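Trainee: have a look at this prediction, sequence included:
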Amino acid sequence: MRLFFGERDTPYEEARVVVLPVPYDLSLSFLPGARRGPEAILLASRELEPFLLELGVAPEEVGIHAAEPVPWVAGSAEESHALIREAALTHLRAGKFLVALGGDHSITHPLVQAHREALGAFSLLHIDAHADLYPEWQGSVYSHASPFYRLLGEGFPLVQVGIRAMDQDSLTLARAKGVALFPAHRLHREGLPLREILEASGERVYISLDFDALDPSVMPSVGTPLPGGLSYRQVVDLLEAVFREKEVVGMDFVELSPNGQFHAEMTAAQLVYHAIGLKGLQAGWLEARGL
Ligand SMILES: N=C(N)NCCCCNCCCN
Ligand SMILES: [Mn+2]
Ligand SMILES: [Mn+2]
């Protein structure tokens, strides 16, 4: 069965946004299942109201096309990442705005590399419970705990929001590399430091959202849940501020691991749809009609 985002699929040539399912999850360290994340989001997206009251637009009007899922090579993370990079490059070179759906967080490394090759320089906004700054984890440099270690080493400026799990070596590395770190406990104590987050980000930003950034009470369907997470409103308010002031060059949403709690899949789909609406407004593809 061909899956697409929302109630209708826009033909590729007419679509401004391509949703790219990337069901690769061989780099997970704890609970399995993220490979079923893309399908779950696409199925849930069909239940969303096309008109987004909060934005006063129907994001589907930008033209959303769901691409075929990216295959993987079971015995090779390198080859799997190469397939992800090539698939992303194909759509970027066709002028599409890419919204990738994971899959585990290791997919962000090849996705960001593809965006850099196709679009030039940008900074990273990483929203997550975990810093994902390990040099390797469980014997693999391609672990879902390592993508931002790799990307820091390739020179990408990094802003991290919602972090509530990192080892001391990662904290030392983050400080040494000038990572702008906004841990979850600070957000809960002081509120969302939007101005600081925006000032720490470049003018062009790639957003990588790990669904476990959200609190498990809101998002229980992830592979490594942790308490003290962000609320849905905090994530939406953060995205709205970033889209309002920055050029967002691409996005990925990773680590949804469906476990029968459909409200989590609806939450994931709604967040993706909201972000597409924000991109449509930022890019001038949509005009809010007011409420
Ligand atoms: N979702 C993630 N990025 N998970 C990170 C796993 C690596 C650290 N586990 C904690 C140490 C266990 N003793
Ligand atoms: Mn992560
Ligand atoms: Mn995480």
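Mentor: Yes, it's here. Everything numeric in this text was worked out from a predicted model, so none of it was measured. Numbers count the residues shown, from 1 in each chain. Ligands and ions are numbered 1, 2, ... in the order given.
Trainee: pLDDT weak spots in the protein?
Mentor: For the chain, applying pLDDT under 70 flags the ranges 290-291.
Trainee: swap in 50 and give it another go.
Mentor: For the chain, no stretch is flagged by pLDDT under 50.
Trainee: tell me the residues of it that contact ligand 2?
Mentor: Within reach of ligand 2 by C-beta under 5 Å from the ion, the chain has these residues: H105, D128, H130, D132, D210. Placement of C-beta: from N, CA and C, glycine included.
Trainee: can we see that at 6 Å?
Mentor: Residues of the chain lying near ligand 2 by C-beta under 6 Å from the ion: H105, D128, H130, D132, H144, D210, E255.
Trainee: which residue is the nearest non-sequential neighbour of the closest residue to ligand 2 within the stretch 151-291 of the chain?
Mentor: Distances between the stretch 151-291 of the chain and ligand 2 by C-beta to the ion are smallest at D210, namely 3.5 Å. Once flanking residues are discounted, D210 sits nearest to D128: 3.9 Å by C-beta to C-beta, 6 or more residues apart in numbering.
Trainee: what does the chain have sitting close to ligand 3?
Mentor: Residues of the chain lying close to ligand 3 by C-beta under 6 Å from the ion are D128, A129, H130, D210, D212, T224, E255.
Trainee: how many other residues sit next to the second one?
Mentor: The one in question is A129. A129 has 28 neighbours, counted by other C-beta atoms under 10 Å.
Trainee: ok, it touching L209?
Mentor: No. If you go by C-beta atoms under 8 Å, A129 and L209 don't touch, sitting 11.1 Å apart.
Trainee: looking at the residues of the chain next to ligand 2, which are in strands?
Mentor: Counted as lying in strands by DSSP state E, out of the residues of the chain next to ligand 2, are D210.
Trainee: could you dump the residues of the chain next to ligand 2 into CSV and include neighbour count and distance to G120?
Mentor: Formatted as CSV, the residues of the chain next to ligand 2 follow (neighbours: other C-beta atoms under 10 Å; distance: C-beta to C-beta, whole Å):
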residue, neighbour count, distance to G120
H105, 31, 24
D128, 28, 25
H130, 25, 28
D132, 28, 24
H144, 32, 27
D210, 28, 25
E255, 31, 28
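Trainee: spatially nearest residue to the residue of the stretch 51-200 of the chain found nearest ligand 2, not counting backbone neighbours?
Mentor: Closest approach between the stretch 51-200 of the chain and ligand 2, counting by C-beta to the ion: H105, at 3.6 Å. Once flanking residues are discounted, H105 sits nearest to H144: 4.1 Å by C-beta to C-beta, 6+ apart.
Trainee: please verify my assumption that that neighbour contacts L28.
Mentor: Yes. Applying C-beta under 8 Å as the test, H144 and L28 come out as touching, 5.7 Å apart.
Trainee: give me the common contacts of the two.
Mentor: With contacts taken as C-beta atoms under 8 Å, 6 or more residues apart in numbering, the residues that reach both H144 and L28 are D104, G223.
Trainee: chain neighbours aside, what residue packs nearest to S143?
Mentor: Using C-beta to C-beta, 6+ apart, the nearest residue to S143 is W137, at 3.8 Å.
Trainee: what bridges to that neighbour?
Mentor: According to DSSP bridges, the residues that bridge with W137 are S140.
Trainee: contacts only, for it.
Mentor: Contact analysis of W137 by C-beta under 8 Å, 6+ apart lists S29, S143, H144, A145, S146.
Trainee: again, 6 Å this time
Mentor: S29, S143, A145, S146 (C-beta atoms under 6 Å, 6 or more residues apart in numbering).
Trainee: list only buried entries from those residues.
Mentor: The neighbour count (16 or more other C-beta atoms under 10 Å) marks S143, A145, S146 as buried among those.
Trainee: out of the residues you listed, who's nearest ligand 1?
Mentor: If you rank those by distance to ligand 1 using C-beta to the nearest ligand atom, A145 comes first, at 3.8 Å.
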